[in-house]
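>>> Got a predicted model here, sequence first, then my questions.
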Amino acid sequence: MRILLTNDDGINAPGLVSLEKIAREISDDIWIVAPEWEQSGSSHSLTLADPLRLREIEDRRFEVSGTPSDSVLLAVRKVMPAMPDLILSGVNRGQNIADDVTYSGTIAAAMEGTALGLKSIALSQVMGIHNEGVRFDVAETHGPGIIRKLIDLQLGPGILVNINFPDCRPDEVAGIEVTRQGKRDQNLLLVDERVDLRGHGYYWLGFKRERGNPPVGTDLRAVFDKRISVTPLHMNLTQIEAMEALRLALDTK
């Protein structure tokens, strides 16, 4: 099995080291193509106004001067000798749950693979809910078994899988839960105004680390309960139920 690894934390990220450990328990045919610097929050963006640089660091390991989506495209179209059987994106430093999925470069890399018709899985390591800091041993311990079960699963076109590992010890994991995407409290998104040493103002975006009480069945609740969250995401964002209301409002047939 040929597996492509990528991420949004950059080619030197510790999470990518963990992802390679996970992948090598499944296959020896591993290719790594990732951004040369951190691209967190880049979402499903492509670099269109600037040229892209591709550099081979070592055999089957490349860095790209662009986004996670750029990295997947270059890997599939220019680097790899044949299409990969599986794309793994991560392991992200921090959770990609609820509204995070619309910002996430980790998810976007899996989206790009899905758009190309390839089985794609995003993996993220939760941090800051139960413990400070980030540890990847939960993903390394439980990731290979989960991925093996998903390799041959046919979910249909346009669907990718989003996995989030709780921030606890591997032996504290309370199980695996198939979840739906939750809804984050947007009051937790901060715009912090600061002043640099030259007296110029600037802003820093981030999230408060507060624990809420999300509904049962959501990705948020699962990781709060120390469960591994597995969420199927669909590339088609059409809200079918709203179409009839729009037809009536616009007087169309």
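Alright, I've got the coordinates.
>>> and the nearest residue to residue 143 once chain neighbours are set aside, backbone torsions?
Of all residues not flanking residue 143 in the chain, residue 22 sits nearest, at 4.3 Å (Cβ to Cβ, 6 or more residues apart in numbering). Bear in mind the C-beta positions are built from the backbone N, C-alpha and C, glycine included. Backbone torsions of residue 22, given as degrees, to the nearest 10, read phi -60, psi -50.
>>> Now for residue 22: which residues touch it?
The contact partners of residue 22, taken as Cβ atoms under 8 Å, 6 or more residues apart in numbering, are 88, 91, 123, 139, 140, 143, 144, 147.
>>> okay, it: pLDDT?
Looking at residue 22, its pLDDT is 98.
>>> got the contact list for the closest residue to residue 182 other than its chain neighbours?
In space, and not counting its chain neighbours, residue 182 is closest to residue 218: 3.3 Å by Cβ to Cβ, 6+ apart. Residue 218 is in contact with 98, 179, 180, 181, 182, 183, counting by Cβ under 8 Å, 6+ apart.
>>> and residue 2, bridged to which residues?
residue 29 (DSSP bridges).
>>> and it, what does it touch?
Applying Cβ under 8 Å, 6+ apart, the residues near residue 2 are 27, 29, 31, 80, 82, 83, 84, 85, 86.
>>> Provide a ChimeraX selection command restricted to the buried entries of those.
Remark: buried members of those, expressed as a ChimeraX selection using 16 or more other Cβ atoms under 10 Å:
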select :29,31,80,84,86
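>>> From the contacts of residue 2, which land in strands?
29, 31, 86 (DSSP state E).
>>> and residue 243, how many residues sit next to it?
Close neighbours of residue 243, defined as other Cβ atoms under 10 Å, add up to 11.
>>> swap in residue 202?
Number of residues near residue 202 (other Cβ under 10 Å) recorded here: 9.
>>> which SS state does it fall under?
Assigned with DSSP: H, G, I helix; E, B strand; the rest coil, residue 202 falls in the strand class.
>>> so it bridges to which residues?
For residue 202, the beta-bridge partners are residue 194 (DSSP bridges).
>>> ok, back up a step: emit the ChimeraX select command for whichever of the contacts of residue 218 are buried.
The buried residues among the contacts of residue 218 can be selected in ChimeraX (16+ other Cβ under 10 Å) with this line:
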select :98,179,181,182
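>>> So, low pLDDT: which residues of the stretch 51-200 of the chain?
Residues of the stretch 51-200 of the chain meeting the criterion pLDDT under 70: 185-188.
>>> where exactly do the helices run in it?
In the stretch 51-200 of the chain, the helices defined using DSSP state H, counting those that start in this stretch lie at 68-74, 100-103, 105-115, 137-151.
>>> ok, residue 229 to residue 163 distance?
As judged by Cβ to Cβ, to the nearest Å, residue 229 and residue 163 stand 7 Å apart.
>>> These two: who's more crowded?
residue 229 (29 against 25).
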